[in-house]
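Trainee: show me how the following folds:
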Amino acid sequence: MTKNEGMVKNMAENFQDKGLEVLYAKCNGFPDPTDVQGVKPDVVGWDPQNELYHLGIVADSETITYDSTKEKINTLAKMMMGVGTSEGERLPFYVGVTKEASTITDKKLQENNLISQGNIEKILV
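Mentor: Numbers count the residues shown, from 1 in each chain. Got it, this is the predicted structure:
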């Protein structure tokens, strides 16, 4: 298992601990996520009670600085439910990072004015 797969597995377990159904994850045991507006989340969960998808990506201290990671964050953090009882609600978005990437992740989220949206949670994976 690669470092990235281990991080994704930890995030998937975090989703399950929150009571979410993990639909897709970039690790063994789950189907691979599909593109969402041109980017691919690492984990997709479903909250059956609130009928709401939850999206997540993982990054370490190197990949958090990549333009592709910034694009993923900016796209996925702005997603909203299009149908159902949660229509129009912003999807909960998780950025799973290593301890070493925690501070730089906070900075990146602040630089992109995403914290104020209220739907983003950073978790250590």
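
Trainee: so which residue is smack in the middle of the protein?
Mentor: residue 56 (1.3 Å; C-alpha atoms, centre = their mean).

Trainee: just checking, it touches residue 79?
Mentor: No - counting by C-beta atoms under 8 Å, residue 56 sits too far from residue 79 to count as a contact (11.9 Å). Where you see a C-beta, it was placed from the backbone N, CA and C, and this is true even at glycine.

Trainee: pull the helix or strand with minimum mean pLDDT from this structure.
Mentor: Counting by mean pLDDT, DSSP states H and E, the weakest-scoring helix or strand in the chain turns out to be helix 102-111, with a mean of 91.

Trainee: for it, which outside residues touch it?
Mentor: By C-beta atoms under 8 Å, 6 or more residues apart in numbering, the residues outside helix 102-111 that reach it are 59, 61, 64-65, 70, 73, 95, 97, 115, 120, 122, 124.

Trainee: chain center to that helix, what's the gap?
Mentor: For helix 102-111, the separation from the chain centroid amounts to 15 Å (computed by C-alpha atoms, centre = their mean, to the nearest Å).

Trainee: any idea how far the helix ranked longest in the chain is from the chain center?
Mentor: In the chain, assigned by DSSP state H, the helix with the most residues is helix 3-17. With C-alpha atoms, centre = their mean as the basis, helix 3-17 stands 11 Å off its chain's centre.

Trainee: ok, the residue lying farthest from the centre of the chain to residue 52 distance?
Mentor: Distance from the C-alpha centroid of the chain peaks at residue 85, with 21.6 Å (C-alpha atoms, centre = their mean). Plainly put, residue 85 is 8 Å away from residue 52 if you go by C-beta to C-beta, to the nearest Å.
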